[in-house]
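Asker: With the input below, show me the fold.
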Amino acid sequence: MGSIRYAVAGDPIEKSLSPLLFCLVTEHLGLKNASHPSIVPASSIENALAWGYAGVTPEEIEWYHTDAPMSKFRSKTLLGKAIQSVTEVQSVPSSLTPRYRLNSQVFVEDHRQLYQFEDDEIWMNLTTPLKHQLQTMAVTNLDGSASFQSVNSLRWDGQGWWCMSTDGVGMATVMLHRGIPSESCVGVIGGGSAARSFAHAWLQQGGQIHFIGGKRELDENEFALSPAQYVGIAVFEPHDYELEPLPTFHAKYDVDADLDVVLEPPNAHYDGRWLLVAQHLKAWEFLWAPHQSADLPSVELLLKQLIECEKVLRSFKR
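Answerer: Predicted coordinates:
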């Protein structure tokens, strides 16, 4: 069995919670061949991939959640304490039972080609501003995400690079989970890579998209925008629109949010941690470990564990 190196890359990146999620899932699956996660400050895809090849970054930055670089003893120790603290968290309130589920079969045509940890592997998550930069024939795209410029997950399996976008399926998963039917019309604020990924995913589920507005527009021809009344809202960028009192799902998470209301917000405005957790799990399911998809934690369980870990890390903040 080969080793697994994982990093999340982008700019800014110091507040990312993806390393914590990666450790939680590896702990849940009992994987022993995954190394300590890395955060890679990178404004170009070339610099992100350079970490993949070299295994080091030219610049180490402090991880916000431990006030130290990821490679330092403090970060490794506190991350270990946080992960250990949630080993007993194996249940969530019954109110968080998924109301609808994603039809995963429509997203990835065939991932049986993917090798199963036979060689040393590199797994990466990409965030702003890297998601639209990966445009090369040297990477095998699993889901067509290169066509709408929204790649956020990569895997080197020892033979070649694979990639896909999990932002869209992640947001679709969350909306279905919290009660938005797949055939519904959803309002979208924003037209960037994550918004395009979601529009693509929601249409594949049989739903409709209504573009509310944003700095970038969704292409009406590409995404068949609908004038229908929307029943939920997906927010991908800051805005000042007056929104109807509908379930609202945010792509961005507030790193200092009140963690006690993230799971079940009283106003049905879901923090971006919901999307973060769902898209991370989809990377495991479709790209990194499809042969272990049945063993992955649920969205609600992983979110609960993430929140408990954050509470532990906050208790050690300087």
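
Asker: where in this protein is pLDDT low?
Answerer: The chain contains residues with pLDDT under 70 at 1, 108-118, 136-137.

Asker: now the strands for it?
Answerer: Secondary structure of the chain by DSSP state E: the strands cover 4-10, 38-41, 62-63, 68-69, 121-126, 139-141, 153-156, 161-164, 185-189, 208-213, 232-235, 248-250, 269-270.

Asker: Relative to R318, which of these is closest?
Answerer: R318 lies closest, by CB to CB, to one member of the strands of the chain: strand 68-69, at 9.5 Å. Yep, even glycine has a C-beta here, placed from its N, CA and C like the rest.

Asker: what's next to the closest one, contact-wise?
Answerer: By CB atoms under 8 Å, 6 or more residues apart in numbering, the surrounding residues in contact with strand 68-69 are 60-63, 74-75.

Asker: just how off-centre is it within its chain?
Answerer: Mean-position distance between strand 68-69 and its chain equals 23 Å (CA atoms, centre = their mean, to the nearest Å).

Asker: for stretch 270-288, same thing?
Answerer: Using CA atoms, centre = their mean, the offset of stretch 270-288 from its chain centre is 4 Å.

Asker: can you tell me the distance between the two ends of that stretch?
Answerer: 27 Å (CA to CA, to the nearest Å).

Asker: returning to that earlier point: show me which of the contacts of strand 68-69 is closest to A234.
Answerer: Top of the list for closeness to A234, among the contacts of strand 68-69 and by CB to CB, is W63 at 28.5 Å.

Asker: my guess is that closest one contacts S18, does it?
Answerer: No: using CB atoms under 8 Å, W63 is not in contact with S18, being 10.9 Å away.

Asker: Look at the two and report which has more neighbours.
Answerer: W63 (26 against 22; other CB atoms under 10 Å).

Asker: so what's the more buried one up against?
Answerer: By CB under 8 Å, 6+ apart, the neighbours of W63 are 14, 19, 39, 69-70, 75.

Asker: one step back: and which of the contacts of strand 68-69 is nearest R99?
Answerer: W63 (35.0 Å).

Asker: Quick check: that closest one vs G170, distance?
Answerer: Distance, W63 to G170, by CB to CB, to the nearest Å: 23 Å.

Asker: what about stretch 200-219, start to end distance?
Answerer: Termini of stretch 200-219 sit 11 Å apart (CA to CA).

Asker: Now do the buried residues in that stretch.
Answerer: Across stretch 200-219, burial judged by 16 or more other CB atoms under 10 Å covers 200-205, 207-212, 214, 218.
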